[in-house]
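Q: structure, please.
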Amino acid sequence: MSKRLTHHGSVLVIAPALLQPAYRRYEAPQGAVRYAASIGEALPILAHEHIAAIVYHEHEAQIEMGRSLAHWFANVRGAAPLLAVVAGLDNAASLHLSVLQPYASMVFSKYHHRPDEVIAMVVENFVSTRKKKQKP
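A: Okay, here's the model as predicted:
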């Protein structure tokens, strides 16, 4: 059995505001998930908080957001967070994926209409919200 990677920190969901209630249906541990509706909201969170994973929900009306996120990944210093892209199965989604593909750890295409399941999988399988114990 292979060992699962576990990242310490929060999950940042970057999704249009109209989709955020669907992500919030998943009852995450307190402080485990942060939300941003735009890259402008996401950048300060990425700069000042320990983000273990980003869940980016593509939306055809916000193609610049995918490009901006790819630019951020290209310039990040140190370890980059895991990136999960929630994409549709249409041509618009491929525009997002083409710029984010080098940075994406996971792509969820069949879960585009089930955001609560995506966030549950990312939090439960890849992010540890427990603090590391200090050695005496």
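
Q: after the lowest-mean-pLDDT helix or strand in the chain, next one along is what?
A: Across the helices and strands of the chain, mean pLDDT, DSSP states H and E gives its lowest value to strand 7-8, namely a mean of 62. Per DSSP states H and E, the first helix or strand lying C-terminal to strand 7-8 is strand 10-14.

Q: and the helix or strand hosting Ala84, which strands flank it?
A: Following DSSP H and E, one finds Ala84 within strand 82-86. Strand 82-86 has its sheet partners listed here by DSSP bridges as strand 51-57 (parallel), strand 106-108 (parallel).

Q: got the CA coordinates for the longest one in PDB?
A: Listed next in PDB are the C-alpha coordinates belonging to strand 51-57 (Å, rounded to 0.1, in the frame of the first residue of the first chain):
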ATOM      1  CA  ILE A  51      -2.300  26.900   2.400                       C
ATOM      2  CA  ALA A  52      -1.700  23.200   1.800                       C
ATOM      3  CA  ALA A  53      -4.000  22.900  -1.200                       C
ATOM      4  CA  ILE A  54      -6.000  25.000  -3.600                       C
ATOM      5  CA  VAL A  55      -9.200  23.800  -5.100                       C
ATOM      6  CA  TYR A  56      -9.800  25.900  -8.200                       C
ATOM      7  CA  HIS A  57     -13.300  25.700  -9.700                       C
END
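
Q: would you map the helices across this protein?
A: Per DSSP state H, the chain carries helices over the ranges 20-24, 39-48, 63-75, 91-100, 115-126.

Q: quick one: closest of those helices to Leu82.
A: helix 115-126 (5.9 Å; Cβ to Cβ). Glycine gets a C-beta too; all of them are placed from N, C-alpha and C.

Q: kindly calculate the angle that that closest one makes with strand 51-57.
A: With axes from the mean of the first three to the mean of the last three Cα atoms, to 10 degrees as the basis, helix 115-126 and strand 51-57 are set at 150 degrees to each other.

Q: buried residues in helix 115-126?
A: Of all the residues in helix 115-126, those buried under the rule 16 or more other Cβ atoms under 10 Å are 115, 118-123, 126.

Q: which of these lies closest to Glu27?
A: Ala120 (9.0 Å).

Q: contacts only, for that closest one.
A: Tyr26 (Cβ atoms under 8 Å, 6 or more residues apart in numbering).
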